[in-house]
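1. What shape does this take:
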Amino acid sequence: MVSSAQGRSAQPPFRRRQLGRTLRRLRERVGMTQHEAATRLEFSLSKVSRIESGQRPGLHEFRAMLDIYGLPSGDWEPYLDEYRRAKENGWWRAYGLSDQGYVSMEDEASRVREFQNGFIPGLLQTEAYAEAIFAASGMLRSRHTIENQIAVRMRRQDRLTTQPALRLDTIIDETVLRQRVPPQVMRAQLALIVERSNLPNVRVRVLPRDIEPHDGQYGAFILLDFPEPADPEIAYVEHAFGSVHIEEAEDVRAARLRFDQLAERALGETDSLRLLDRLASRT
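-> Numbers count the residues shown, from 1 in each chain. Next up is the predicted model:
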């Protein structure tokens, strides 16, 4: 399924969709059909379907579903925690972002794989670099909007150093590291990438600019994995006029294959860090 980041109002927020998937897995684990669940719960069949698609049930309804799906009450707490998360607003709402965008997905993810040929990945940007990128953009944004977007970008980076730490595996096209931003900004930016690459959960590789044409030239993309193995991996692509996130298994598999192929052509981690150091010393 491909979902546009623009015009996604009909789609439930990401956390609610996850809750629906959890309930579907519990039902299927005990071999119960939606019709059987609806009969036992005294719900309509359409209501069970809507809940599994992302409509959040009432608390008592949620408890009833855990009960008929055979879950002992002593094992309910993790599921109740998930229910509470689906109910509350994410921290990003204070910055004017909705629960339907990329940040809400990244906040739930356990691993991010990102290929970038346009900008330094957001999880590795300095505040000054982000400011420079927004300043160079042709899009009209208010100062308040820009400040909020930078603040969100900086807060997202907390996931790299707080537990459970987000795993970041990124491949950066070398041309991105040679962008014409103020020298002092780029020096600090390259230094931060090197510093972050020393974290055990962060992997940085550089795709050399002098290699033959490759699929990465079609554009940047991100793959997100989640803690529950049954939660589908998601591919996310941002473009000039919006973004899409992709859940169709075949399309996500193609994105994963492309990332692996780019990784094979990228410099190793040690050589990538040497290149970053050289570029920083020349900037």
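2. Please put the alpha-carbon coordinates of stretch 148-165 into PDB.
-> These are the backbone C-alpha positions of stretch 148-165, laid out as PDB (Å, rounded to 0.1, in the frame of the first residue of the first chain):
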ATOM      1  CA  ASN A 148       9.800  24.300  14.700                       C
ATOM      2  CA  GLN A 149      11.200  22.100  12.000                       C
ATOM      3  CA  ILE A 150      14.700  22.500  13.200                       C
ATOM      4  CA  ALA A 151      13.600  21.800  16.800                       C
ATOM      5  CA  VAL A 152      11.900  18.600  15.700                       C
ATOM      6  CA  ARG A 153      15.000  17.500  13.800                       C
ATOM      7  CA  MET A 154      17.200  18.000  16.900                       C
ATOM      8  CA  ARG A 155      14.800  16.200  19.200                       C
ATOM      9  CA  ARG A 156      14.600  13.200  16.800                       C
ATOM     10  CA  GLN A 157      18.300  12.700  17.400                       C
ATOM     11  CA  ASP A 158      17.700  11.900  21.100                       C
ATOM     12  CA  ARG A 159      16.700   8.400  19.900                       C
ATOM     13  CA  LEU A 160      20.300   7.700  19.000                       C
ATOM     14  CA  THR A 161      21.600   8.100  22.600                       C
ATOM     15  CA  THR A 162      18.600   7.100  24.800                       C
ATOM     16  CA  GLN A 163      17.400   3.600  25.500                       C
ATOM     17  CA  PRO A 164      16.200   1.700  23.600                       C
ATOM     18  CA  ALA A 165      18.500   3.300  21.100                       C
END
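3. what does that stretch contact?
-> 91-92, 95-97, 103, 106-107, 110, 122-125, 127, 130-131, 134, 141, 166, 168, 196, 199, 201-202, 227 (Cβ atoms under 8 Å, 6 or more residues apart in numbering). (C-beta placed from N, C-alpha, C; glycine too.)
4. Can you turn the buried subset of those into a selection I can paste into ChimeraX?
-> In ChimeraX, this line selects whichever of those come out buried by 16 or more other Cβ atoms under 10 Å:
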select :92,95,97,103,106,107,122,123,124,125,130,131,134,166,168,196,202
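5. taking the contacts of stretch 148-165 one by one, which sit in helices?
-> Val103, Glu106, Asp107, Glu127, Ala130, Glu131, Phe134, Arg196 (DSSP state H).
6. Could you pull up the contacting residues of the fourth one?
-> The reference is to Glu127. Glu127 makes contact with Ile150, Met154 under the criterion Cβ under 8 Å, 6+ apart.
7. possible to save the ones in helices among the contacts of stretch 148-165 as TSV with pLDDT and distance to Ile51?
-> Putting the ones in helices among the contacts of stretch 148-165 into TSV (pLDDT from 0 to 100; distance: Cβ to Cβ, whole Å) gives the following:
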residue	pLDDT	distance to Ile51
Val103	93	25
Glu106	95	25
Asp107	92	22
Glu127	97	41
Ala130	95	39
Glu131	93	43
Phe134	85	40
Arg196	96	40
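8. out of the residues you listed, who's nearest Ala86?
-> For Ala86, the closest of these turns out to be Asp107, at 12.7 Å, with distances computed as Cβ to Cβ.
9. Report the two of the ones in helices among the contacts of stretch 148-165 separated the most.
-> Farthest-apart pair in those is Asp107 and Glu131; separation 23.1 Å (Cβ to Cβ).
10. Of the ones in helices among the contacts of stretch 148-165, just say which sits nearest to Leu177.
-> Sorting these by how near they are to Leu177, with Cβ to Cβ, puts Arg196 at the top with 14.2 Å.
11. Please list all residues in contact with the spatially closest residue to that closest one that is not a sequence neighbour.
-> The shortest distance from Arg196 to any residue that is not its chain neighbour, by Cβ to Cβ, 6 or more residues apart in numbering, is 5.1 Å, and that residue is Val202. With contacts defined as Cβ under 8 Å, 6+ apart, the neighbours of Val202 are Leu160, Arg167, Leu168, Thr170, Arg196.
12. ok, what's across the strand from Val202?
-> According to DSSP bridges, the residues that bridge with Val202 are Leu168.
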